[in-house]
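Visitor: heads up, no residue letters with this:
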């Protein structure tokens, strides 16, 4: 998969993955990178991003579905390591109407407290 790991030179998350911008790394492997959100919305707020640049969930297809499946396996590992036994929320905003602020596919892991029923 290393020949597929392409970056967008102007993407904030690509810069974080490359180490150009510092982050509080939680997890990293050949396919994805996870780090703590700088503006946490819950006691635990971690972003998990693929190392290949994809703009959003809208770009998930049969060619990259294994990567996304891998990310969800990593999300479960991170949640367990963070002690989120009571539950957690996984969110991926897709596009401007959903307030996606960085156009790089990413999943928010939110937990560490009782989350409200409303999602927005």
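Guide: Perfect, thanks for sending it. Just so it is clear, the structure is predicted and the values come from calculations on it, not from any experiment. Residues are numbered from 1 along each chain as shown.
Visitor: Going by secondary structure, residue 35 is in what exactly?
Guide: strand 32-36 (DSSP states H and E).
Visitor: just checking, what packs against that strand?
Guide: Counting contacts by 3 or more CB pairs under 8 Å, 6 or more residues apart in numbering; DSSP states H and E, strand 32-36 is packed against helix 12-18, strand 25-28, strand 44-50, helix 65-81. Placement of C-beta: from N, CA and C, glycine included.
Visitor: could these go into JSON lines alongside mean neighbour count and distance to residue 87?
Guide: JSON lines is the format used below for the helices and strands packed on strand 32-36 (neighbours: other CB atoms under 10 Å; distance: least, CB to CB, whole Å):
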{"stretch": "helix 12-18", "mean neighbour count": "18", "distance to residue 87": "26"}
{"stretch": "strand 25-28", "mean neighbour count": "14", "distance to residue 87": "18"}
{"stretch": "strand 44-50", "mean neighbour count": "21", "distance to residue 87": "11"}
{"stretch": "helix 65-81", "mean neighbour count": "15", "distance to residue 87": "9"}
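Visitor: Next, format the ones you listed as TSV and append mean pLDDT.
Guide: Compiled in TSV, the helices and strands packed on strand 32-36 are given as follows (pLDDT from 0 to 100):
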stretch	mean pLDDT
helix 12-18	96
strand 25-28	98
strand 44-50	98
helix 65-81	98
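Visitor: Take those and lay them out in a markdown table including distance to residue 109.
Guide: Formatted as a markdown table, those follow (distance: least, CB to CB, whole Å):
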| stretch | distance to residue 109 |
| --- | --- |
| helix 12-18 | 15 |
| strand 25-28 | 9 |
| strand 44-50 | 4 |
| helix 65-81 | 6 |
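Visitor: Report the contact partners of the most centrally placed residue in the chain.
Guide: For the chain, the residue nearest the mean C-alpha position is residue 48 (2.3 Å; CA atoms, centre = their mean). Contacts for residue 48 were tallied using CB atoms under 8 Å, 6 or more residues apart in numbering; they are 27, 32, 33, 34, 71, 74, 75, 78, 106, 107, 109.
Visitor: List the beta-bridge partners for it.
Guide: Beta bridges link residue 48 to residue 34, residue 107, judged by DSSP bridges.
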